[in-house]
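A.B. asks: Sequence and computational prediction follow.
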Amino acid sequence: MTRLAGDRVTLRAYRDEEAPILITTWADAEWFAPPGTGTRELSQRVSERIRRSGSFSDGVLIFAIEAAGRLVGEVQARQPINGLPPGVFELGIELFEDDDRGQGLGADAVEAITRHLFIDEAAHRVQLTTDVENEAMSRVAERVGFTLEGVLRSFMPSADGPRDYRMYAITGSDHRERNP
């Protein structure tokens, strides 16, 4: 199992005792538990996520984000089979509590996983998308060295209709230039 250190966070596998936090956090998240998902199925999904975390499994690398000794969120690198070219990874991140946002934890986690992908996973491009109204995530991407490449119109389904998303990316040469 891989463990990565940033300046303020540690990226690591989930621990079994963190299951209740994840169940509470994701019980109402439609991406994780669609309407009608029962308690037993939710628990099984969380257990599977814990088991798969810390190393690549089925094209996904999941890390718990720990700061000051406590679980604060999750970051993933995705390289879906037949979904992206070899060497290209898509990032996702979630900080669980509003109080942890705006503290630099997300930027530190994105930097740590990006560094890992370029150094240890043969990445030549790392990308992420975010809702056009998510200014905080846009600032994180830019602070870490990602470049805005454009807007994906009507990209993400939502209850109010498809949402526009910004696409950011950093290449291996960009990353080496920033981190000689």
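C.D. replies: Thanks, I have it. Numbering: from 1, shown residues only.

A.B. asks: so is Phe32 in a helix, a strand, or just coil?
C.D. replies: Assigned by DSSP: H, G, I helix; E, B strand; the rest coil, the conformation of Phe32 is coil.

A.B. asks: Pull up the gap between it and Glu17, please.
C.D. replies: Using C-beta to C-beta, to the nearest Å, one gets 19 Å for the distance from Phe32 to Glu17. Quick note: C-beta positions are derived from backbone N, CA and C, even for glycine.

A.B. asks: okay, those two: which has more neighbours?
C.D. replies: Comparing Phe32 with Glu17 by other C-beta atoms under 10 Å, the one with more neighbours is Phe32, at 16 against 9.

A.B. asks: Next up, the contacts around Leu4.
C.D. replies: If you count contacts by C-beta atoms under 8 Å, 6 or more residues apart in numbering, Leu4 has them with 10-12, 63, 112-113, 115-116.

A.B. asks: Can you tell me which helices and strands the longest helix anywhere in the chain packs against?
C.D. replies: The residue-count maximum for a helix in the chain (DSSP state H) belongs to helix 105-120. In terms of contacts (3 or more C-beta pairs under 8 Å, 6 or more residues apart in numbering; DSSP states H and E), helix 105-120 is packed against strand 4-5, strand 10-12, strand 60-67, strand 70-78, strand 88-95, strand 125-131, helix 135-144, helix 172-178.

A.B. asks: run the last query once more with 7 Å
C.D. replies: strand 4-5, strand 10-12, strand 60-67, strand 70-78, strand 88-95, helix 135-144, helix 172-178 (3 or more C-beta pairs under 7 Å, 6 or more residues apart in numbering; DSSP states H and E).

A.B. asks: just those: most buried one?
C.D. replies: Sort the helices and strands packed on helix 105-120 by mean neighbour count, taking mean count of other C-beta atoms under 10 Å, and strand 60-67 sits at the top with a mean of 22.
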